[in-house]
Each structure stands twice: as C-alpha cells, then as structure tokens.
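Q: Got a predicted model here, sequence first, then my questions.
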Amino acid sequence: MARRMHSEHKDPLSGAIGAIAKFFGAALFGGFVSIVFIMSAFWLEMDFLWNRPWVHIFWIIPVGWGGLGIFSFDPMLNGLRLAIVLLLPVCLGGVLCAEEARTWLSTGGTSIEAEWVRTEGKEVILKTPRGKLVHVALNRLCKADRDFVGGKHRTSPPDGGNLPGLIASLNGPERLVEKADLPRRIAIAALQQGKGEAMREVLGRWIAQEYRRRASVLLNTKIQILARGANTATCLGHLCGLDIAPEVVSWLLSDDERLSTIADALAEGDAAAEFARIVSALYAHDPRARDRFFRLIVAMGVVWDQPRPMMHGQMGTAGIPHEPDILDRYDHFRAAYSSASGKALFDRLSVVALCFVVDTPVPVSELSWAARNVHGNTSSWERKFAEIRYDRGRLDSGTYVWPHGPYTLEAIEERGGICVDQAYYATLTARAHGLPAIYFCGPGRRGGHAWFAYLKGKTNWALDVGRYTYDKYATGYATDPRTNRRMTDHDVAYTCEYALRSRDYAMAHAYVRVAEVLLEHGDFKAAQECAQAARARAPRYEEPWEIEIASYQKQGALDALLRVLEEKAKRFSKYPDIATRARTRQAEVLRRLGRGDESAKLLARQARRVGEDRDDLAAQILRQQVVQLEDGGDTKGARKEMEDLLEEQIGEGQKLLPLIGRYLTLTARTDQTHEAARFMKRFIRDCLQRYGSSEKNQQLFLSYLLRAHENDGDDSAARKVQRDLDRLSE
C-alpha cells in the first residue's frame, strides 16, 4: 500500500519541467516541419508562400502540437491533436488559393484595393488588405473588371478584335470606366494589323479629349484610366512596324503591369526591332516561367538590343570576346533567381535594377565560374574589392594594362591587380549572382581611379566601395546599360530617393503619363495642370518639372519659365547636379531677356554654393561663364575667369591638367598668348612647389609651360623650358 501511494505521488517541479520540455519540443518539431515545408515550396517554385510569411503559423503550431501526440497515451488529447493536424491542408489550401490584391473600379468611378475571393451568383466577394470581406454587385463593376471575373481562369488573352468597332466604342457616349480596357485592345489589334502609328494618334486625341471632358468619376480614377491609355500609346510608338508574332503582342499588352513595364523601360534611341526579337525568343524559350520572370526578359531586351562595351579599357588585347548568347545568359540568371535567396532578391528588383545585373560583357562561362567559385552575401559584397590583392609592382612600373594573358575572373583572383581589376572583379561577380552592381571610374587628386557600387539593402546602394576620401573623387562615371550613355554616381543616388518609391509617386507617375500626351498634342494648359498635380504629390520627381518647363519653352513664356526654374533649383538643392542644371538654364533665359549681369551673378552664386563639395560642378559653371563672356566679346573677362578658376583649383592635383589645357586653347583662340605666358610662368612655379617631388609631375607641368611660350612665339623662353625637360628625361 505504501509502495502504491508513493508511485502515485506527483512531484510539482518535475511536472513543470515536463510541461516546459513539451512546449519547447512542440516548437522545435513545428519549426523543423516548417523549414522542410518552406524548402519544398521553394523547390516547387511556390513563391507566394515566401511572400506571405505570416501563414507559417498554420503549420508551425498545429504540426508541432499534433506531432507530439505520439508521446501521449491520452485518447482525448490525441484526438484533438489529430483533428488540428487534419485541418492543416485546409489552412494551406486557403493560402495556395489566395489571390493577389488589385485595383477594382466601379461604374461610378470609386476604386478599392482588394483580392478576388469568389463569385456567388451576381455578386463578387472581395477581401481588403485588412481582411474585411466586401460584397459587390457584378453589374456595379466596370467592364474591364467584369471581364476579369468572367475570364478568371483564361490562360491566353483574346486578340484585339474589330478595330473600327473598338474605335467607335472608344469615342462613344459610354462612361470612361466602361472604356478603361479599350486602348489596350485597340493596341493589340493595331499591332496585329500593322496600323500602330495611326492608332497611336487616335489614342492621343482620345486622351486629350477625355481629359478636358467633365467625367463622372473621381479625378484620380480618371487619371489612372487615361494613364493606362497613355502607356498603351507609348508602347505603340515603340513597337509599331515591327515583326512581332500576334501571341507575343497579346502577352506583352494584355496585362496592366506588363504594359506599364514596357512603357517605362523603352526609350527613344533603343533598338526596338532587336528588343522585340530578344523578347520574342525568350517568350518561346521559357513558356513555363516567362510570366514570373517578365522583368528579367524586359531587362535582357533593353540591355542586349545593342552591342555591350567592355567595362574598362585597360584589358588591352587580353579581353575575352563574347557573344550575346541570349538564351544561355537568361538561363543563368533565371537559375540564380530560382534559389531561396534569389527569389527574395528578384522580387524586389525593378527593370532598371535588373539592367545592372544582365549587363555582362563576358562569355556565359565567366558567369558560371563566378557562380561556382565566388560566394558571399548581399550585405557584405564590398569585401570582394579588397579580396583581390593590390599589385603595387604594376603601379610603380606604370603597367596599367593587364599583362597576364586572358583577362578572366580566375586570373584576376590568382594574380591580383590594380583598382580597375578590383572593381571589375567585384562588379562582375556580384552580377553573376544576380546582385545589381556598377563599375565607376573618375578623376582624383592623384589621377584616375576605379571603384564599384552595389545594391546593399532592399533599396539602397553602397556607392563608395573602394573610393578613397583623400583623393576627392567628386564624381564617378559609369555606362548606363539601357542607353550606353555616360551616367554618374549622383544619378544613382537620385534614383534611390525614397519618395520616388511611394504611393504618391505612383499617382504622380500616372499624371506624368497623361501630361506627356497632352504636351505632344499641344494642350499646354492641360499639360501644365497635370505636371503641377504630379509635383504636388512627388515634389522630388523630376519629370513633371521638365514637362512644365517644356510647355513654357514651346509657348515662349520666359517669365513663367524663370519662375519654375527658380522653384526647381530650390526644391532639388539636395541634388547639386539637378539644381545646377536648373540654375544654368535659368541663367541662359536671363541672357535671352537681356539681363546679362543677373545671369553672371546667378552662376557665380551657384558655383560658390557647390564648390566646396563638387569642384567638378563649380568648374562646369565657370566654364559656361567663360563661354558667355567670349560669345559676348569680353575675351579679357573670359581669360580672367579661367585664371581665377585655376587659382581656386590649384590644390586638386591632376584634376588641374585638363583645365590648364582649356586655358591655353582659349588664350590662343582669343589672341591673349602673351598674357597667358606671363600667368603660366607664375602658376606653373606654384604647381611645381606643390607637386614637383616626382619627375613625372615636373614633366607634365613643364610641358604646359612650354606650350604657353610656343603659343606666344617666345623661342628663347621655350628653348629654356625644353632644356629642363630634356634633363629630366635623361
């Protein structure tokens, strides 16, 4: 009896420990199952699970608790656990079937962000982002949304249809919301029938007409519908006259997001025919995943529509020839973005960012090597720059061109290199892993240098990896992969502006799309209204400012032009490049109005404002002043401005050299060579005191002094300088 009583006694401490153990055991078990499930989801490309991490609770808790039922012999607990585990497929089914949110429009013009749940009879049930269910009568939805509900599971869009009938409907008496989808259908039919240019004009006139008409919808809804039409007209302008298969046309234009992406991605100067060929090839190449990787396909088309230049010119003859190999190159990046981390990275990349990934002017084998052999994470890719051993011997010997055979990533890793090789290696290996990166170079106090930038966080670029503060590289230059034109690191910084990714920016962009069409059709007042509405929503979005400026220029309204340029310069004071461009144009308008003194003072103030941090902009402004003075006949004033600029910049080392060259060219052209020789004699003496510790620097500065005496015709002084140069070269 005593033995039985002892065995039935329960220790409270051991019971508590057991409960805690079971709790943590459940959590560990559930976490393990969750990880397995997520990995399976990635393998099956169920990326919607990754996009909605809150759903993990559906399997972490019930699977963990239910799974621990195997350790219990309590029938009631086991039954409850089993019931919860059986509910798991239901929970997952709800997740798998969930719809992405979209904008729904009513016939009255109101809009709502919600996801489609189901249709019951003549009602559509929608769910708002906060989880509230909304019942909407089907006949209250606009025609485009009724078509969406009716064709919910349609896999391929219909063709545009009867073009004359569609145009008649577009110009008919129906409400604007009933016409929302007509521009896109007209575009599809027009491209399929070879009438793109004519229909672009039709759409432009319709947008201008509908903007002026008093609509029975909210203003924002009206602008969104007209912006969709403007996107369609833009796409027609780029794609008309091209040989594109009807199914590709339908694929490109039958979805709002794809339509907007194409309209934003293509620009004047793009090789549209080659873009269409690349997109068509990738459409046929990847039918299974082309919708998911649409932005990647567009980036490939935008970048590879023209030959890719080498990243820098110091490879010599060792640069590896490459072919576009579009399909293999696309497959490489698709594989990079199909991994768990790659999926998350791809989902946050725009077409613009992807252009700084796919611009890889090397054989695909180089990308494959980097993917296999170079590893790291997005938060610390800057280490790749320093991982390449700096070759001090090449620098000391002046061997700036690669001397070690084929210029491969593997060879750079093995041999080391100088700054151009470090930046090239870091940039290209980042891109091989799908990480946007940019190769920069620029002049500094000790000469040229190269560094790189990469997308470090979700939206922010690390712009100064390998950039040395002492050398004062005011501006870094790169090649824009979309246009092959020069861009600066300041351009990249501007695109990182958070305000440009806000909801207000999205609405402002819609206004800009409409304003562009209105400006093209000569409706300047309406274009200005739209531009001002866009500016009010996104003050640091430059495009609406430019539209308003263009409208005043076309009207010859110089006073209004001065006013908006003044406003723009103040608004963009955070971005010296943009502010300086505005001030420069403002000065030009003042000159046209005969207010030359005001123009000169304005430029001088701006030069002082930016000079401390941006000597390149200060020099640019002063060069413009010199041109203005010379054009106005004040050649002496132009020379004096250049001399003042040289005196101010004397501490900038090798940045001085091109300025000295411009000064000598100016004085030779304006017959002021004697004054120039006198100034250069003193100025070069000061330069040699600062930088004359090396024979190379002495030769550089003396060669400019020699040129000054030769321009002046002073043979005696020129021979003396030449003797000094000969002595240095012995």
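A: Right, received. Where do you want to start?

Q: any idea how far residue 519 is from residue 659?
A: Distance of residue 659 to residue 519, computed by Cβ to Cβ, to the nearest Å: 39 Å. Where C-beta positions appear, they are placed from N, C-alpha and C, glycine not excepted.

Q: Hmm, I typed the wrong one, I wanted residue 647.
A: 45 Å.

Q: Show me where the chain has its strands.
A: Taking DSSP state E as the test, the strands found in the chain are 102-105, 111-120, 123-127, 133-137, 437-444, 447-455, 461-465, 477-479, 486-488.

Q: Arrange the ones you listed in TSV, one row each, with distance to residue 212 and mean neighbour count as further columns.
A: Output for the strands of the chain, formatted as TSV (distance: least, Cβ to Cβ, whole Å; neighbours: other Cβ atoms under 10 Å):
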stretch	distance to residue 212	mean neighbour count
strand 102-105	21	18
strand 111-120	22	15
strand 123-127	33	18
strand 133-137	31	12
strand 437-444	44	22
strand 447-455	43	23
strand 461-465	42	19
strand 477-479	43	18
strand 486-488	38	15
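
Q: mind checking which of the ones you listed is nearest residue 720?
A: Evaluated over the strands of the chain, closeness to residue 720 peaks at strand 447-455, with 28.2 Å, by Cβ to Cβ.

Q: so how far is that closest one from its chain's centroid?
A: 18 Å (Cα atoms, centre = their mean, to the nearest Å).

Q: what number of residues lie near the closest residue to residue 636 other than its chain neighbours?
A: Leaving aside its sequence neighbours, residue 636 sits nearest to residue 672 (Cβ to Cβ, 6 or more residues apart in numbering; 7.3 Å). By other Cβ atoms under 10 Å, 18 other residues sit near residue 672.

Q: ditto for residue 392
A: Close neighbours of residue 392, defined as other Cβ under 10 Å, add up to 10.

Q: can you check the one 3 residues further on too?
A: Around residue 395 sit 12 other residues, with neighbours defined as other Cβ under 10 Å.

Q: Contacts only, for it.
A: Counting by Cβ atoms under 8 Å, 6 or more residues apart in numbering, residue 395 touches residue 418.

Q: Could you do residue 329 as well?
A: By Cβ under 8 Å, 6+ apart, the residues touching residue 329 are 300, 304, 358, 360, 364, 367.

Q: does the fifth one really touch residue 328, like I thought?
A: Yes: taking Cβ atoms under 8 Å as the contact criterion, residue 364 and residue 328 are neighbours in contact, 4.7 Å apart.

Q: So for those two, which sits in the more crowded spot?
A: For residue 364 versus residue 328, the count of surrounding residues by other Cβ under 10 Å is larger for residue 364: 19 against 14.

Q: Can you flag the buried ones in the contacts of residue 329?
A: 300, 304, 358, 360, 364, 367 (16 or more other Cβ atoms under 10 Å).

Q: OK, contacts around the second one?
A: Under the criterion of Cβ under 8 Å, 6+ apart, the neighbours of residue 304 are 274, 278, 324, 326, 329, 358.

Q: what's the closest non-adjacent residue to the third one?
A: In space, not counting the residues next to it along the chain, residue 324 is nearest to residue 304; the distance is 5.3 Å by Cβ to Cβ, 6+ apart.

Q: what number of residues lie near residue 325?
A: A count of neighbours around residue 325, defined by other Cβ under 10 Å, yields 14.

Q: quick one: low-confidence ranges for the stretch 151-300 of the chain?
A: 151-161, 215-218 (pLDDT under 70).

Q: now the helices: where do they sit in it?
A: Counting by DSSP state H, counting those that start in this stretch, the stretch 151-300 of the chain has these helices, from start to end: 163-170, 182-192, 196-212, 219-239, 246-253, 256-265, 272-285, 294-303.

Q: Show me which positions of the longest one end up buried.
A: Within helix 219-239, the residues that qualify as buried are 221-239, counting by 16+ other Cβ under 10 Å.

Q: How about the first one?
A: Of the residues in helix 163-170, those scored as buried under the neighbour-count criterion (16+ other Cβ under 10 Å) are 163, 166-167, 169-170.

Q: Out of those residues, the closest to residue 583 would be?
A: Nearest to residue 583 among those, counting by Cβ to Cβ, is residue 170 at 44.3 Å.

Q: Verify the stated contact: that closest one with residue 185.
A: No: counting by Cβ under 8 Å, residue 170 does not reach residue 185; the two are 9.3 Å apart.

Q: coming back round to it: quick one: the contacts of residue 329 as JSON lines, columns for distance to residue 678 too.
A: Listed next are the contacts of residue 329 as JSON lines, based on distance: Cβ to Cβ, whole Å:
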{"residue": "300", "distance to residue 678": "59"}
{"residue": "304", "distance to residue 678": "55"}
{"residue": "358", "distance to residue 678": "56"}
{"residue": "360", "distance to residue 678": "54"}
{"residue": "364", "distance to residue 678": "61"}
{"residue": "367", "distance to residue 678": "58"}
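
Q: Which of the residues you listed fall in helices?
A: 300, 358, 364, 367 (DSSP state H).

Q: Tell me which residues of stretch 546-559 come out buried.
A: In stretch 546-559, counting by 16+ other Cβ under 10 Å, buried: 547-552.

Q: Check stretch 283-302 too.
A: Applying 16+ other Cβ under 10 Å to stretch 283-302 flags 283, 286, 290, 292-302 as buried.

Q: what about the nearest residue to residue 487 once chain neighbours are set aside, distance to residue 439?
A: Take residue 487 and drop its neighbours on the chain: the residue closest to it by Cβ to Cβ, 6+ apart is residue 480, 4.3 Å away. Residue 480 sits 12 Å away from residue 439, going by Cβ to Cβ.

Q: just residue 229 next, same as before
A: For residue 229, the distance to residue 439 equals 39 Å [Cβ to Cβ].

Q: who touches the residue lying closest to residue 249 once chain neighbours are set aside in this structure?
A: Closest residue to residue 249 apart from its sequence neighbours, by Cβ to Cβ, 6+ apart: residue 191 at 4.7 Å. Going by Cβ under 8 Å, 6+ apart, residue 191 touches 236, 239-240, 244, 249, 253.

Q: Would you format these as JSON lines with distance to residue 427 included?
A: Listed next are the contacts of residue 191 as JSON lines, based on distance: Cβ to Cβ, whole Å:
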{"residue": "236", "distance to residue 427": "36"}
{"residue": "239", "distance to residue 427": "32"}
{"residue": "240", "distance to residue 427": "37"}
{"residue": "244", "distance to residue 427": "33"}
{"residue": "249", "distance to residue 427": "36"}
{"residue": "253", "distance to residue 427": "35"}
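
Q: between the contacts of residue 304, which is closest to residue 208?
A: The shortest approach to residue 208 among the contacts of residue 304 belongs to residue 274, at 32.3 Å (Cβ to Cβ).

Q: Just to check, that closest one is in contact with residue 306?
A: Yes: Residue 274 lies in contact with residue 306 (Cβ under 8 Å); the separation is 7.1 Å.

Q: Assess the claim that residue 433 and residue 371 are in contact.
A: Yes: counting by Cβ under 8 Å, residue 433 touches residue 371, with 6.5 Å between them.
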